[in-house]
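*Asks:* Got a sequence here, can you model it:
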Amino acid sequence: MPHPLDGGRERLKRADQCIHNLDLEIAPFLANFPTFDFPVSPGINPVFTDQQSDAWKQFGSEFLKAERENPIPLRFSVLAGEIIHHLRSCFDHLAWQLSDEACRSIEKVGRHIEFPVFDDDPVRDPDKAGLYGRKVKCITNRPFALARIDDLQPYKSVEPRNALLWRIHDMDRTDKHRELTLVVFTPGVHLEATGLRRVVTVYKAGVPIGEIPLPGILNMKVNTKIAPYIAFGQAVKGELEPIVPFLKQLHRFTSDAVESFAREF
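*Replies:* Numbering: from 1, shown residues only. Presented below is the predicted three-dimensional model:
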């Protein structure tokens, strides 16, 4: 017999597949853009040499050229919107499963069932309080679930519009009316360090039992690599964050939030 949360779990699986597919499609697209390597020696200020300065200017012109010739495929926005929609739907599906069957069978009541997402405390506004109440009216016989729903509300956060649930809700509303805006962003810095760490081997009765690292690294080299990435570009929280890691973060949050209601079934 299916578990009441299985519908949400399937949506999460589908969202995960979409994130994977989006990541696979983004990689070859970004291969059209140049990257910039800037080696840094320890103890030396990372000042550009004339040669590096020329290389940087060339990188900039090549990037602008690549940006003109490689507009972001609309498909990326559609896939991102589908992912966000699946995540938001998980919460509404959860609210429906938590609701009382007899209550939700009443058309005028059941059609209002929805997982509430508020960035302002509804208690302070009679209209919002009424709206919140209608959304959870059929869940009144589950005090733990109601308390957990309240705990998840963005208005409980220090920065309500930075709360992950609000991000999902707001981006889903945006995608219903227009595609989510994506941009190619350049300051994706990746540090790679290599070197040999000095250690002293500790012996006991002539048998080595461990190593103690000494301060400092011999022949250390650091390379700074600047590479472009795809980011959300609309004026919401999540702006200019790499899209795939950001979507994975939202996916983990949704999965954990949904599973936190498992005790109700």
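*Asks:* All the helices of the stretch 151-265 of the chain, residue numbers only.
*Replies:* In the stretch 151-265 of the chain, the helices defined using DSSP state H, counting those that start in this stretch lie at 164-177, 243-259.
*Asks:* just checking, what packs against the longest one?
*Replies:* Counting contacts by 3 or more CB pairs under 8 Å, 6 or more residues apart in numbering; DSSP states H and E, helix 243-259 packs against helix 6-30, helix 74-98, helix 164-177, strand 207-232. For the C-beta atoms, the positions are set from N, CA and C on the backbone; glycine is no exception.
*Asks:* what comes up buried for stretch 19-33?
*Replies:* Ile19, Leu22, Asp23, Ile26, Leu30, Phe33 (16 or more other CB atoms under 10 Å).
*Asks:* do the same with stretch 174-186
*Replies:* Within stretch 174-186, the residues that count as buried by 16+ other CB under 10 Å are Thr174, Asp175, Leu180, Thr181, Leu182, Val183, Val184, Phe185, Thr186.
*Asks:* which among the residues you listed gets closest to Ala80?
*Replies:* Ranked by distance to Ala80 (CB to CB), those are led by Leu180 at 5.1 Å.
*Asks:* Would you mind measuring from the closest one to Gly81?
*Replies:* As judged by CB to CB, to the nearest Å, Leu180 and Gly81 stand 5 Å apart.
*Asks:* Then Leu64?
*Replies:* 28 Å.
*Asks:* of the two, who's got more company?
*Replies:* Gly81 (19 against 10; other CB atoms under 10 Å).
*Asks:* so that one touches His177, yeah?
*Replies:* No - the criterion here is CB atoms under 8 Å, and Gly81 misses it with His177 at 10.6 Å.
*Asks:* Report pLDDT for the nearest residue to Lys156 once chain neighbours are set aside.
*Replies:* In space, and not counting its chain neighbours, Lys156 is closest to Asp150: 7.5 Å by CB to CB, 6 or more residues apart in numbering. Listed pLDDT for Asp150 reads 96.
*Asks:* and Asp150, what element?
*Replies:* helix 143-151 (DSSP states H and E).
*Asks:* angle of that helix against helix 243-259?
*Replies:* 150 degrees (axes from the mean of the first three to the mean of the last three CA atoms, to 10 degrees).
*Asks:* Name the residues that touch helix 143-151?
*Replies:* Ala95, Leu98, Phe115, Pro116, Val136, Ile139, Thr140, Lys156, Ser260, Phe261, Arg263, Glu264 (CB atoms under 8 Å, 6 or more residues apart in numbering).
*Asks:* list the buried ones in stretch 89-105?
*Replies:* Of all the residues in stretch 89-105, those buried under the rule 16+ other CB under 10 Å are 89-100, 104.
*Asks:* Any chance of a markdown table for those residues, columns distance to Gly110 and pLDDT?
*Replies:* A markdown table is the format used below for the buried residues of stretch 89-105 (distance: CB to CB, whole Å; pLDDT from 0 to 100):
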| residue | distance to Gly110 | pLDDT |
| --- | --- | --- |
| Ser89 | 17 | 96 |
| Cys90 | 19 | 97 |
| Phe91 | 17 | 98 |
| Asp92 | 13 | 96 |
| His93 | 14 | 96 |
| Leu94 | 15 | 97 |
| Ala95 | 11 | 96 |
| Trp96 | 9 | 95 |
| Gln97 | 13 | 96 |
| Leu98 | 13 | 96 |
| Ser99 | 8 | 95 |
| Asp100 | 10 | 93 |
| Arg104 | 4 | 86 |
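*Asks:* and which of the residues you listed is nearest to Val123?
*Replies:* Ala95 (19.6 Å).
*Asks:* what about the nearest residue to that closest one once chain neighbours are set aside, is that helix, strand or coil?
*Replies:* Leaving aside its chain neighbours, Ala95 sits nearest to Phe115 (4.2 Å; criterion: CB to CB, 6+ apart). The three-state label given to Phe115 by DSSP: H, G, I helix; E, B strand; the rest coil is coil.
*Asks:* Please report phi then psi for Phe115.
*Replies:* The phi/psi pair for Phe115 (degrees, to the nearest 10) reads phi -80, psi 120.
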